[in-house]
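Visitor: Here is the input, now give the coordinates:
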Amino acid sequence: MNCSLNGIILACNGFLEWLEHHLLSCPSKAFFHYDCPGCGMQRSMLALFKGDLVQSLQLYPATIPIFILVAYTLLHLKFSFKNGAVVIKWMYVFCTVIVFGVYIYKIVTHKIF
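Guide: Okay, the predicted model is just below:
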């Protein structure tokens with residue numbers, strides 16, 4: 001059993017290594033040379049999958065709240081929580097505020113425009 005677990009871990013690490021070298025390029029950055037509000041999310045997800053929460057938050061602070069939102073939405077679809085739609089709506093607003101708050105911060109401090 002331990003041998004198969006090690007094999008799964010090695011396969012996952014190999015897949016994550018492959019993903020690191022095959023990230024999608026940002027069309028906004030490629031064509032207009034400006035970051036978009038989603039720039040950094042792929043690298044943040046990779047860091048999260050590797051277990052590095054701090055780096056994930058530094059690269060794209062909205063990744064973890066978005067994962068929580070998606071997980072809660074899927075659970076709500078399965079179990080129909082009493083106030084699930086309201087919770088999802090507020091979680092969506094929270095994630096949107098984080099995404100655009102960080103984007104405005106990047107515009108002000110990094111002079112991306």
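Visitor: Where does pLDDT dip in the protein?
Guide: Applying pLDDT under 70 to the chain flags the ranges 1-3, 7, 10, 111-113.
Visitor: What is the burial count for the residue lying closest to Val102 once chain neighbours are set aside?
Guide: Nearest residue to Val102, sequence neighbours excluded (Cβ to Cβ, 6 or more residues apart in numbering): Pro61, at 5.5 Å. No exception for glycine: its C-beta is placed from N, CA and C like everyone else's. Here the number of neighbours of Pro61 (other Cβ atoms under 10 Å) works out to 17.
Visitor: can you tell me the helix or strand for Pro61?
Guide: Per DSSP states H and E, Pro61 falls between elements, in no helix or strand.
Visitor: got it, and the one 4 residues further on?
Guide: Element membership for Pro65, per DSSP H and E: helix 63-79.
Visitor: Which strands and helices lie in contact with that helix?
Guide: Judged by 3 or more Cβ pairs under 8 Å, 6 or more residues apart in numbering; DSSP states H and E, the packing partners of helix 63-79 are helix 41-49, helix 53-59, helix 84-110.
Visitor: Out of those, the one nearest Asn6 is which?
Guide: Smallest distance to Asn6 across the helices and strands packed on helix 63-79 (Cβ to Cβ): 17.8 Å, for helix 41-49.
Visitor: Quick check: buried residues in that closest one?
Guide: Met41, Gln42, Arg43, Ser44, Met45, Leu46, Ala47, Leu48 (16 or more other Cβ atoms under 10 Å).
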